[in-house]
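# Test case, fold it:
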Amino acid sequence: MAAFNLFKLSILFSILLNSHFGLCSETSNKQISKGLSSLPACSRIECPSYDVIHVGNDYEIRRYNSTVWASTSPIQDISLVEATRTGFLHFYVPKVNQANPPPAKGLQVQRWNPVYAAVRQFSGFVVDSDVGVEAAALQASLVDTVWSAAIEKSHGADHTSVYTVAQYNSPFEFDDRVNEIWMLFDMEDDFTE
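Numbers count the residues shown, from 1 in each chain. Below you'll find the predicted structure:
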């Protein structure tokens, strides 16, 4: 019975978050349809806008516009799965709310400048072993490219946060799950093809 109540509470929390932050926006991100594969979740919720700069073998380079995120406090855990279960999350704030995001207890607002990302998609539920494998595959795809050099230059000696995991689906969605590994970086030159 307690598990069922927790399930109902999770559903309620998800609905409240969606309505509070405007995540169930009717605005879909048409930009997402370019590149690796379309993101089904972005037909239901607003996702960050980006331009595809380059498409490589199993990866693409995107340039994201300025974005605003609401995030929980970081958790010092090496397990993505445990950190997610504990509640370490970033939520994209829809454009209509970015100038003045609604306050929420326990969330901090982060404003990101435009940034480049090397992106690799994978499916299924994310487990810790997938993250390392997918990040290594992305890194291998980028070897000897201008993008690898830009990532290295952006991060310098700091390898603690070389990649980010993006998950687009609710934990209650079992089919067509889309996840991504992002390696964020800055570039001095404007690379558009």
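# following the helix or strand of the chain with the lowest mean pLDDT, which helix or strand shows up next?
Lowest by mean pLDDT, DSSP states H and E among the helices and strands of the chain is helix 2-21, with a mean of 36. Next helix or strand after helix 2-21 toward the C-terminus (DSSP states H and E): strand 50-56.
# which other residues reach the helix or strand just after that following strand?
Next in sequence after strand 50-56, counting helices and strands by DSSP H and E, comes strand 59-64. Strand 59-64 has contacts (CB atoms under 8 Å, 6 or more residues apart in numbering) with 35-36, 48-55, 112, 114-120, 138, 141-142, 147, 191. Every residue, glycine included, has its C-beta placed from N, CA and C.
# which of those are buried?
35-36, 48-50, 52-54, 115-120, 138, 141-142, 147 (16 or more other CB atoms under 10 Å).
# so where is the protein shaky, pLDDT-wise?
1-38, 40, 75-78, 80-88, 157-161, 189-193 (pLDDT under 70).
# What's the local residue count around residue 89?
By the criterion of other CB atoms under 10 Å, residue 89 has 15 neighbours.
# Just to check, it is in contact with residue 71?
Yes: between residue 89 and residue 71 there is a contact under CB atoms under 8 Å: 6.7 Å.
# you'd agree residue 115 is up against residue 183?
No: taking contacts as CB under 8 Å, residue 115 lies outside contact range of residue 183: 10.6 Å.
# Contact partners for residue 163?
135, 138, 181-183.
# The same query, at a cut-off of 6 Å, please.
Residues in contact with residue 163 (CB atoms under 6 Å, 6 or more residues apart in numbering) are 135, 181, 183.
# Go ahead and confirm residue 70 touches residue 92.
No: using CB atoms under 6 Å, residue 70 makes no contact with residue 92, being 8.3 Å away.
# Between those two, point out the one with more neighbours.
Between residue 70 and residue 92, counted using other CB under 10 Å, the more crowded position is residue 70 (22 against 17).
# Give me the distance between the more buried one and residue 150.
From residue 70 across to residue 150, the span is 28 Å (CB to CB, to the nearest Å).
# Next: residue 93.
In terms of CB to CB, residue 93 sits 27 Å off from residue 150.
# More neighbours: these two, which one.
For residue 93 versus residue 150, neighbours defined as other CB under 10 Å are more numerous around residue 93 (25 against 21).
# give the contact list for that one.
Counting by CB under 6 Å, 6+ apart, residue 93 touches 68, 70, 101.
# mind running it again at 7 Å?
For residue 93, the contact set (CB atoms under 7 Å, 6 or more residues apart in numbering) comprises 21, 68-70, 101.
# In space, what's closest to it - neighbours in sequence excluded?
Of all residues not flanking residue 93 in the chain, residue 68 sits nearest, at 4.2 Å (CB to CB, 6 or more residues apart in numbering).
# Great, nothing more from me.
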